[in-house]
Each structure stands twice: as structure tokens, then as C-alpha cells.
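In: Turn this into a model:
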Amino acid sequence: MAWLLVIVAGVLETGFAVCLKLSHGFTRLWPTVAFCVFALGSFGLLTLSLKKLDVGPAYAVWTGIGATGTAIYGMIFLGDVVSTLKIVSISLVIIGVVGLQLSGSAH
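Out: Residues are numbered from 1 along each chain as shown. Here you go, the predicted model:
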């Protein structure tokens, strides 16, 4: 259950990063409101998950989902540049997160 909370928190992190961009410096109301909702949800779920999980692997998974999700969303929906180096870098983030998870202790 704790890992499910981390995964949902990571998806919400993607949401708050995208809304941060769409808020244009907190000058647009609804993206700013959505940013606040996603950020509070993301941090809240991560906080709950850390009651049961080691902080290193949980934080790595959370940030990895957020970073890769945001980069992929930006390339697909926001017109961010797609490049081989960007795809390789996203792959390396995923590999690093999986490696950290595999090296962690099992609770």
C-alpha cells in the first residue's frame, strides 16, 4: 500500500509541475489552484508513505516518476523539444530509480 501512495504521489508531482508551467508565474487562477491541489496531494501522500518506507528509495521513485512524467508530458503536449539525448536521459533516470529500489531493504 505504501508503494501505491508513492506512485500516486509521483503522478501528482507531474501534475503540479505542469500546472506550475501553465500558471505563468502564478498569474492564472485555475492552473495556480490546480498546482496547489496537486502539490498538497503529492506531498501528503509521500509523507504518509514514509511512515512505512525508507526515505531514499521512496523519494527516488517519487522524483523519478515526477521528472520522467513531466518531461514526457512536455514533449507530447507542450511542444518541448524531443531529442535522442532527452530520451536517453529519461531512460537513465528510470534505470537509476529501479537500481535504488532493488538495492533497498525489504519491509
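In: Looking at the chain, which helix is longest?
Out: Ranked by number of residues, the top helix in the chain under DSSP state H is helix 55-77.
In: Buried residues, it. List them.
Out: Residues of helix 55-77 classed as buried under the neighbour-count rule (16 or more other C-beta atoms under 10 Å) are 57-62, 64-75. Every C-beta, even on glycine, is put in place using the N, C-alpha and C of the backbone.
In: correct me, but residue 7 touches residue 61?
Out: Yes. Counting by C-beta atoms under 8 Å, residue 7 sits close enough to residue 61 to count as a contact (7.3 Å).
In: Leaving out the residues flanking it, which one is nearest to the residue at minimal distance from the centre of the chain?
Out: For the chain, the residue nearest the mean C-alpha position is residue 66 (1.5 Å; C-alpha atoms, centre = their mean). Excluding its sequence neighbours, the residue lying closest to residue 66 (C-beta to C-beta, 6 or more residues apart in numbering) is residue 13, at 3.1 Å.
In: show me what contacts that neighbour?
Out: 38, 42, 62, 63, 65, 66, 69, 70 (C-beta atoms under 8 Å, 6 or more residues apart in numbering).
In: ok, the fifth one touching residue 10?
Out: Yes. A contact is recorded between residue 65 and residue 10 when judged using C-beta under 8 Å, the distance being 2.7 Å.
In: still on that earlier bit, packing partners of the longest helix of the chain?
Out: Helices and strands touching helix 55-77, by 3 or more C-beta pairs under 8 Å, 6 or more residues apart in numbering; DSSP states H and E, are helix 2-22, helix 29-49, helix 84-103.
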